[in-house]
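Peer 1: Curious how this folds, go ahead:
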Amino acid sequence: MMKLIDDVAKDIALLINRVTVGWIFLNSGLIKLNSWSSTQYLFQYEYRVPLLPWEWAAVLGTASELLLGLLLIVGVLARPTALALLAVNFVAYLSYAHVLDERAIGALDHELWAVMLCLAAALGAGRLSLEGLYTHWRQSRLETSASTVSS
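Peer 2: The predicted model follows:
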């Protein structure tokens, strides 16, 4: 009975973690998309994204936040998605570090998101995700076909 409670608690915690941090990135992408001229201004003059022209950085950053945030929320490819978002978070942290005070909330936000993303990367999506539902469906199909063959 305790194992069941532990498993359910773990799945709920993974779901809350995944949806929370996924929504943060998805919402950020939606805000960028809905105010594209402001996004372009920020990437051109405020953010200091290394190695990329600001136009590319704006498009890639927005697309990454939208796609990866959604994938993490629904729990598809959760581990690689969390790692990719960890990279996005790191680039954002570095690109905007010149205005983030280490004691400021902005810096602490990025650090908290990094911890949450590491948790998702380490433990995966859990059973309360599309990955978990697919795994359960596939396992039940395999058991059904195995019992049919043995009959």
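Peer 1: What's the first helix or strand after the strand or helix carrying residue 38?
Peer 2: Following DSSP states H and E, one finds residue 38 within helix 36-41. Using DSSP H and E, the next helix or strand after helix 36-41 towards the C-terminus is helix 54-74.
Peer 1: As a check, name the ranges of all strands in the protein.
Peer 2: When secondary structure is read from DSSP state E, the chain shows no strands.
Peer 1: Low-confidence ranges, it, go.
Peer 2: Across the chain, the ranges flagged by pLDDT under 70 are 98-105, 149-151.
Peer 1: residues touching the residue nearest to residue 62 when sequence neighbours are not counted, list them.
Peer 2: Closest residue to residue 62 apart from its sequence neighbours, by Cβ to Cβ, 6 or more residues apart in numbering: residue 32 at 4.4 Å. Backbone N, C-alpha and C define where each C-beta goes, glycine included. For residue 32, the contacting residues are 39, 58, 61, 62, 65, by Cβ atoms under 8 Å, 6 or more residues apart in numbering.
Peer 1: buried stuff in the helix holding residue 38?
Peer 2: Neighbour counts over helix 36-41 (16 or more other Cβ atoms under 10 Å) mark residue 39 as buried.
Peer 1: Output the contacting helices and strands for it.
Peer 2: Secondary-structure packing of helix 36-41 (3 or more Cβ pairs under 8 Å, 6 or more residues apart in numbering; DSSP states H and E): helix 54-74.
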